[in-house]
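Participant: this one's sequence-less:
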């Protein structure tokens, strides 16, 4: 039999050092991870056996067995799932795919309890065994291989591991943990059952342990019943018992499932250490029958902005696991949703290609999307609950469920609001529902809590548009010169600071019949909110300023598309805007930063004819320099940079000298 010693991938060695030296505070998660892996191995066998029933060999009943040996100080988790060949053991146990370890290391916070919980999230759950073991032996045989083609893998969690060929009659995998002295509590049936009940009760196949019963110790003196006995103890009977419910959680009636069980199931499928924000569990009947158990996490995952990341929804067909990350079941903008969908109609041999084309899948996707939006609408409805006393002095009674939902939508939006906005461009059918769920800061509130409906309810009489501004930061938006006339007249403006806002609003032109208007696009027209005297004064100023405007246009012909007098400025001398249908300077800047092509568009320079600096232009010997300073300062005010910063500084210094 061949035996070879191989070195771990560098990242694995680094991870193992961390696991064995740091993550002790929540030891018991190792059992959750290893049982979860065993369950996955059984799911994979069940899936492969759809085409090759012979893989079941002579053991069609899939199960996980947990055994311990106090004398040898070993704990063994055995499954009769798909198993591993020798090469698969080397590949799967000696290396980590992708950059899982790098991301894992980057997420560590120094809080041991939280850090331990991160293990499964990065696909490195097997290594959690080293939290309690100073040596791990893995014995496995892949389903379909001969008994002589088994493999034994052994490592002490340092720099290398041994692999040898063994004879193994049973398919599947046994993970034998050689426990350290400080982990001997796991050589106790009661402790193991407690941990399994906490983390793995929902596993849909039986987890078996050998039954134990109490046995009195031998008589000290066989001839004297009253002379006392040796200490008694628990003795294994040779019978096996199922210690979990062994039925998929989502198939049970809702009334039989506690909130704690829902939360624990979420933690297992998501590898998240925090409880979910909310969830929905429903059986859908009609043309397409399926069960959905969908969760909204409390915190965004580390890779939320990776749009190629697979969705977090697992697909089952008639309780048979089909695939992880079934992206066809959930739109990309809801990629943060975790859960399970179990279809009664799809074929068991469904492939990813078939999922894209299936009418049933489209129906499930639409139904699941609507369910998630309903969950969010419910949270938004209860986000702020007014309990002010009425005229009769009686205060509304808020029930416990409503009270529990208060503030949850604000928490959700802080984590996932920007991703939700992607739906405006991706999901035309639900655009109106999504628009109602969006929240922004505004000139009346720095908190991101103002919805379009709130804004409309506060609109001034005669106001005909919902005004907004996009900027890189809240400070840049709040202090933009383009807001000056709106502040003067007490008109609220929404402040949009997410990078996705500019793109998303290309797909939303109105809300509930009221147009959306960027204050940085087009000429400012406040309609009925601007009185006739103001309009007349503006027209007269523009007329008187015509000769200076002509000179400004000539001086700035390479930078500005047009120069015009504006009424939107009160304290600032100038600002930049774009035409109604033009790309904003902020979006053009973002595209260039991302290395993408942006069309070359010149902004419009708007000047405040009443400002002292603008009045100084007329007849100034420094006209050309002042014109360029005016343009560059307007660019700086909106977060941009002059094309030639050195020339700008030189001009300012010359005027200050």
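Facilitator: Okay, I see it. Keep in mind that what you see is a predicted model, and the values were worked out from it rather than measured.

Participant: rest of the way, CA atoms for contacts and neighbours
Facilitator: Will do.

Participant: What is the distance between the longest helix belonging to the chain and the centre of its chain?
Facilitator: Secondary structure of the chain read by DSSP state H shows that its longest helix is helix 359-381. Centroid separation for helix 359-381 versus its chain: 17 Å, with C-alpha atoms, centre = their mean, to the nearest Å.

Participant: Show me what it is packed up against.
Facilitator: strand 278-284, strand 290-296, helix 408-420, helix 431-437 (3 or more C-alpha pairs under 8 Å, 6 or more residues apart in numbering; DSSP states H and E).

Participant: The longest one: which residues count as buried?
Facilitator: Applying a neighbour-count criterion of 16 or more other C-alpha atoms under 10 Å, one finds 408, 409, 410, 412, 413, 415, 416, 417, 418, 419, 420 buried in helix 408-420.

Participant: Name the next helix or strand following that helix along the chain.
Facilitator: Downstream of helix 408-420, the first helix or strand assigned by DSSP states H and E is helix 423-426.

Participant: ok, and what's touching that following helix?
Facilitator: 333, 431, 434, 435, 504, 505, 507, 508 (C-alpha atoms under 8 Å, 6 or more residues apart in numbering).

Participant: which residues make contact with stretch 541-548 from outside it?
Facilitator: Counting by C-alpha under 8 Å, 6+ apart, 564, 565, 609, 617, 618 sit against stretch 541-548.

Participant: oh, I was asking about stretch 446-460
Facilitator: By C-alpha under 8 Å, 6+ apart, stretch 446-460 touches 410, 435-442, 466, 474, 491-492, 511.

Participant: how about the spatially most distant residue from the centre of the chain, secondary structure?
Facilitator: Ranked by distance from the centre of the chain (C-alpha atoms, centre = their mean), the top residue is residue 223, with 71.2 Å. For residue 223, the assignment made with DSSP: H, G, I helix; E, B strand; the rest coil gives coil.

Participant: what about it, distance to residue 215?
Facilitator: 19 Å (C-alpha to C-alpha, to the nearest Å).

Participant: show me where the stretch 1-150 of the chain has helices.
Facilitator: For the stretch 1-150 of the chain, the helices defined by DSSP state H, counting those that start in this stretch cover 10-22, 29-48, 86-94, 100-107, 112-117.

Participant: Can you report the mean pLDDT over the residues of the last one?
Facilitator: For helix 112-117, the mean pLDDT works out to 49.

Participant: Near residue 141, how many other residues are there?
Facilitator: 31 (other C-alpha atoms under 10 Å).

Participant: How about the one 4 residues further on?
Facilitator: Residue 145 sits with 14 neighbouring residues when counted by other C-alpha under 10 Å.

Participant: same question, residue 169
Facilitator: Neighbours of residue 169 using other C-alpha under 10 Å come to 13.

Participant: With residue 285 instead?
Facilitator: Around residue 285 there are 10 residues (other C-alpha under 10 Å).

Participant: Just the local confidence number for it, please.
Facilitator: So, for residue 285, pLDDT stands at 89.

Participant: Phi first, then psi, for it.
Facilitator: Main-chain torsions, residue 285, degrees, to the nearest 10: phi -120, psi 150.

Participant: Okay, it and residue 314: tell me how far apart.
Facilitator: Taking C-alpha to C-alpha, one finds residue 285 at 19 Å from residue 314.

Participant: what comes into contact with stretch 164-181?
Facilitator: 1-4, 38, 41, 72-84, 86, 129, 132-143, 147-153.

Participant: Selection in ChimeraX covering whichever of those residues are buried, please.
Facilitator: Selecting only the buried entries of the contacts of stretch 164-181 in ChimeraX, with 16+ other C-alpha under 10 Å as the criterion:
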select :38,41,73,74,75,76,77,78,79,80,81,82,83,84,86,129,132,133,134,135,136,137,138,139,140,141,142,143,147,149,150,151,152,153
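
Participant: Among the contacts of stretch 164-181, which ones are in strands?
Facilitator: 3-4, 74-79, 133-141, 150-153 (DSSP state E).

Participant: okay if I get the helices and strands packed on helix 359-381 as a markdown table plus distance to residue 253?
Facilitator: Output for the helices and strands packed on helix 359-381, formatted as a markdown table (distance: least, C-alpha to C-alpha, whole Å):
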| stretch | distance to residue 253 |
| --- | --- |
| strand 278-284 | 9 |
| strand 290-296 | 11 |
| helix 408-420 | 26 |
| helix 431-437 | 30 |
